[in-house]
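A.B. asks: Got a sequence here, can you build the structure:
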Amino acid sequence: MTPAASETGAAPSDGRHTFPPHVVAALDEHCRVEKLSREAAICALVTESLRFKGYLPRRPADAGP
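C.D. replies: This next block holds a predicted model:
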């Protein structure tokens with residue numbers, strides 16, 4: 001018997017990802033406070049993280065949000 005995707009950390013074959021309940025709760029709170037959809041919030045958080053880690057270039061100072 002092979003381990004489930006949740007046991008190995010692998011994403012399900014349909015492309016969806018499963019997050020621990022405490023992460024989902026924090027994301028939902030972030031969405032509520034920032035008035036964002038989950039999709040927009042996840043995109044913004046991933047973008048911010050990748051910029052912080054140096055994988056994405058910084059925005060020019062004169063660029064908007």
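
A.B. asks: Verify the stated contact: residue 47 with residue 58.
C.D. replies: No: with contact defined as C-beta atoms under 8 Å, residue 47 does not reach residue 58; the gap is 11.5 Å. For the C-beta atoms, the positions are set from N, CA and C on the backbone; glycine is no exception.

A.B. asks: Comparing these two, which residue is more hemmed in?
C.D. replies: residue 47 (13 against 9; other C-beta atoms under 10 Å).

A.B. asks: Report the contact partners of the more buried one.
C.D. replies: Contact partners of residue 47, counting by C-beta atoms under 8 Å, 6 or more residues apart in numbering, are residue 56.

A.B. asks: That one is in what secondary structure piece?
C.D. replies: helix 38-52 (DSSP states H and E).

A.B. asks: Mind checking which residue lies nearest the centre of this protein?
C.D. replies: Geometric centre of the chain, nearest residue: residue 42, 3.7 Å, by C-alpha atoms, centre = their mean.

A.B. asks: wait, it sits on residue 28?
C.D. replies: No: assessed by C-beta under 8 Å, residue 42 is found out of contact with residue 28, at 11.6 Å.

A.B. asks: Dump stretch 30-41 to CSV, keeping only the CA atoms.
C.D. replies: As requested, the backbone C-alpha atoms of stretch 30-41 are provided in CSV (Å, rounded to 0.1, in the frame of the first residue of the first chain):
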residue,chain,number,x,y,z
HIS,A,30,-6.0,37.4,6.3
CYS,A,31,-8.6,37.3,3.5
ARG,A,32,-11.3,38.8,5.8
VAL,A,33,-9.0,41.6,7.1
GLU,A,34,-7.5,42.5,3.7
LYS,A,35,-10.8,42.0,1.9
LEU,A,36,-9.3,39.6,-0.7
SER,A,37,-10.4,36.4,-2.3
ARG,A,38,-8.3,33.3,-1.4
GLU,A,39,-6.8,33.2,-4.8
ALA,A,40,-5.7,36.9,-4.7
ALA,A,41,-4.4,36.4,-1.1
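
A.B. asks: All good on my end, thank you.
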